[in-house]
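Visitor: Predicted model follows, preceded by the sequence.
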Amino acid sequence: MTKKRKIILVAVLLAVILVALLARPVIHMVIELFEPGQESLNDLFQLKKGEVALVVDDELQKVKGYKTGGEIYVPADIASQYMDQRIYVDATEKSLSYATKEGVILAKAGAAEYTFGKETKSAKAPVLNEKEAKLYVSLSFIKEHASCSYKTYGSPDRLIVMSDRDAEYTMATITEDTRIRKGPNSKYKYYVEVPEGTRVFVETDIKQENEYMAVTTLDGISGYIPNDRIEKKQEEKWKFDKEPESFDQMAMKGQVCLGWHQVTNQSSSSYLPSSINNAKAMNVLSPTWFSLSDNNGNFDSLASGTYVAEAHGAGKKVWGLVSDFDKKIKLTKVLGITSNRTRLVNNLVASAIQYQLDGINIDFEHVTKDSAAAYLQFLRELTLKCHVNDLVVSVDNYPPAEYNSFYDLAEQGRIVDYVILMAYDEHYNGSEESGSVSSLPFVENGVKNVLAKVPKERTVVALPFYSRLWKEVKGKKPVPEAYGMSGAESMIRANDASPTWDDATGQYYAEFKSSGATYKIWLEEETSLGKKLEVVKKNKVAGVAFWKLGFERAVTWTTIMDALK
């Protein structure tokens, strides 16, 4: 090829490229001329004047916040459920309580001032506001304390909140500049244009159509993009910059070894349990002295100064137990109304001081989903006041499960000194079938699940001294009867039964027939207890507890002492 021909060929190629480059914007202009235009974001968020859209954990909420004087206010339930669970709003007394490890903040609706402990402070805007009979929390206050992740955007105003620390989201990256459309087709209008490299949530619960998929941008705009515009699709947890605050722990020196002492009247509450001389390993006594008596925060007391003095003389700490077993008690009122909750906290601590107790043990087993937030606030406020007065706070819990998840062991583990796992009542009075009170796998799983939520240095494992004998009659629900260790063995001997070791439960099992019924029992005794104590030791938790004193034998304490060495 001659030199002249080469020059002509290069010139032609350059001309073709130039025409293509110039034509591309024209082509796009033509396409855009005939395709639907841009949709206002107000159509997506449906906002009235002054309202603020709320997107929580990648979901647009039906409720709205509002903006006034440059301050954003968030609905109280959104603020406490998603932004910071330590925001407790009492709708009855129209007040907000917030517990930090330095003290409790209390704000009244509409007030420019609030209290922090005994101090009165001023805020630029009311911490709590009421609008159209609904309560809202100031975003400025939330910002000061919250451990969630959030960001505000304008045009239109919206608040994007990420709060779920456990959830995994399907995330992806936009591969080239694209438009997020109102529907799964290029015929729909678009909300915004997003550049290459933008990260989005992929809405996997929304069906893909016309080779379009549903996505949501990090600033809360939901719509559709072509399937071929994303890459690096993967499951991710949201990254949080801040962890919820943990209260300082008032820990005992060495391991906790607690024995619950059930007392039922003033006479029995004045005397130490008869087995205390054998219980060399036990360093904490927890008598069942206090019980809620009404819905105003009052309680009945069987406390005895003589008992405490004798226990201290024997080298034992005393943690008075508080229960909620009275059926007329409504925890939504006792704990949910600020003045009632404050009364209960103050009077419990006052009683502890009066009787020179070393701690308070909370045994509330009737908490519901509706009262759970108030219960946690009660624990926060009680712990803060107890610590000021050198009192330890412990809380009893059954093994974590879906049905009792609202007890929130993770939050308890950040607040109280000791979370006590009641690793018993695997089969309880009312169970549909006979079974062990506390099999070895039940204890192992319980400890594992609690330690997934609570630090080991705040975990105490409670084990049973009792067994249940189950009476089975065909066609009827089994009927249980509780026995202490010696009582159970005497009953077995009296019925000529021979216990055999059951590897599945890690217990001795016995069975016999009498008067047309079959009787079954899984024994709680020293061999079984020793295996459970090995689980405790292996997991290096803060200690052990036992229900209840009087059901054990002298040799039982030798087993416990050996295990705790």
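Guide: Alright, I've got the coordinates.
Visitor: so who does the residue nearest the centre of the chain touch?
Guide: The C-alpha lying nearest the average C-alpha coordinate of the chain belongs to residue 408 (CA atoms, centre = their mean; 2.4 Å). Applying CB atoms under 8 Å, 6 or more residues apart in numbering to residue 408 gives the contacts 85, 372, 376. C-betas here are computed from N, CA, C, even on glycine.
Visitor: Which of the residues you listed fall within strands?
Guide: If you go by DSSP state E, the contacts of residue 408 have nothing in strands.
Visitor: Now, these that are in helices?
Guide: Mapping the contacts of residue 408 onto helices (DSSP state H) picks out 372, 376.
Visitor: and which of the contacts of residue 408 is nearest residue 156?
Guide: Top of the list for closeness to residue 156, among the contacts of residue 408 and by CB to CB, is residue 85 at 28.1 Å.
Visitor: burial count for that closest one?
Guide: 20 (other CB atoms under 10 Å).
Visitor: What distance do you get for it to residue 335?
Guide: As for residue 85, its distance to residue 335 is 15 Å (criterion: CB to CB, to the nearest Å).
Visitor: All the strands of the stretch 1-150 of the chain, residue numbers only.
Guide: Remark: strands assigned in the stretch 1-150 of the chain by DSSP state E, counting those that start in this stretch are 51-56, 59-60, 65-68, 71-75, 87-90, 95-100, 103-108, 113-116, 119-122, 128-131, 134-138, 149-153.
Visitor: Output those in CSV; the columns should cover mean pLDDT.
Guide: Below are the strands of the stretch 1-150 of the chain laid out as CSV (pLDDT from 0 to 100):
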stretch, mean pLDDT
strand 51-56, 98
strand 59-60, 96
strand 65-68, 97
strand 71-75, 98
strand 87-90, 98
strand 95-100, 98
strand 103-108, 97
strand 113-116, 96
strand 119-122, 94
strand 128-131, 97
strand 134-138, 98
strand 149-153, 97
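Visitor: can you put these in JSON lines and add distance to residue 228 and mean neighbour count?
Guide: What follows is these, written out as JSON lines (distance: least, CB to CB, whole Å; neighbours: other CB atoms under 10 Å):
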{"stretch": "strand 51-56", "distance to residue 228": "26", "mean neighbour count": "22"}
{"stretch": "strand 59-60", "distance to residue 228": "26", "mean neighbour count": "16"}
{"stretch": "strand 65-68", "distance to residue 228": "37", "mean neighbour count": "18"}
{"stretch": "strand 71-75", "distance to residue 228": "38", "mean neighbour count": "22"}
{"stretch": "strand 87-90", "distance to residue 228": "44", "mean neighbour count": "25"}
{"stretch": "strand 95-100", "distance to residue 228": "48", "mean neighbour count": "22"}
{"stretch": "strand 103-108", "distance to residue 228": "52", "mean neighbour count": "20"}
{"stretch": "strand 113-116", "distance to residue 228": "54", "mean neighbour count": "16"}
{"stretch": "strand 119-122", "distance to residue 228": "56", "mean neighbour count": "10"}
{"stretch": "strand 128-131", "distance to residue 228": "46", "mean neighbour count": "18"}
{"stretch": "strand 134-138", "distance to residue 228": "43", "mean neighbour count": "22"}
{"stretch": "strand 149-153", "distance to residue 228": "28", "mean neighbour count": "16"}
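Visitor: And these: which comes nearest residue 324?
Guide: So among the strands of the stretch 1-150 of the chain, strand 87-90 is nearest, using CB to CB, at 18.6 Å.
Visitor: Can you tell me the strand partners of the closest one and which way each runs?
Guide: Strand 87-90 pairs in its sheet with strand 95-100 (antiparallel), by DSSP bridges.
Visitor: can you redo the strands of the stretch 1-150 of the chain as TSV with distance to residue 186?
Guide: Formatted as TSV, the strands of the stretch 1-150 of the chain follow (distance: least, CB to CB, whole Å):
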stretch	distance to residue 186
strand 51-56	26
strand 59-60	24
strand 65-68	34
strand 71-75	36
strand 87-90	45
strand 95-100	49
strand 103-108	51
strand 113-116	53
strand 119-122	55
strand 128-131	42
strand 134-138	41
strand 149-153	26
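Visitor: Can you tell me which of those strands is nearest to residue 210?
Guide: So among those, strand 59-60 is nearest, using CB to CB, at 22.9 Å.
Visitor: What strands line up against the closest one, and which way round?
Guide: Using DSSP bridges, the strands paired with strand 59-60 are strand 51-56 (antiparallel).
Visitor: The partner strand vs strand 149-153, what angle?
Guide: 150 degrees (axes from the mean of the first three to the mean of the last three CA atoms, to 10 degrees).
Visitor: on that earlier part again, so which of the strands of the stretch 1-150 of the chain comes closest to residue 560?
Guide: strand 95-100 (36.0 Å).
Visitor: any idea of the angle the closest one forms with strand 134-138?
Guide: Using the same axes, to 10 degrees: strand 95-100 against strand 134-138 is 40 degrees.
Visitor: now the angle from strand 95-100 to strand 103-108?
Guide: On the basis of the same axes, to 10 degrees, strand 95-100 is oriented at 160 degrees to strand 103-108.
Visitor: what's the spacing between strand 95-100 and its chain's center?
Guide: On the basis of CA atoms, centre = their mean, to the nearest Å, strand 95-100 sits 18 Å off its chain's mean C-alpha point.
Visitor: same check, this time on stretch 452-463
Guide: 15 Å.
Visitor: Next, the buried residues of that stretch.
Guide: By 16 or more other CB atoms under 10 Å, the buried positions in stretch 452-463 come out as 453, 454, 458, 459, 460, 461, 462, 463.
Visitor: which outside residues touch the strand or helix carrying residue 558?
Guide: Here residue 558 sits within helix 554-564, counting by DSSP states H and E. Contacts to helix 554-564, defined as CB under 8 Å, 6+ apart, come from residues 255, 257, 275, 278-282, 465, 485, 526, 529-530, 533-534, 536-537, 544, 546.
Visitor: distance between it and the chain's centre?
Guide: With CA atoms, centre = their mean, you get 34 Å for helix 554-564.
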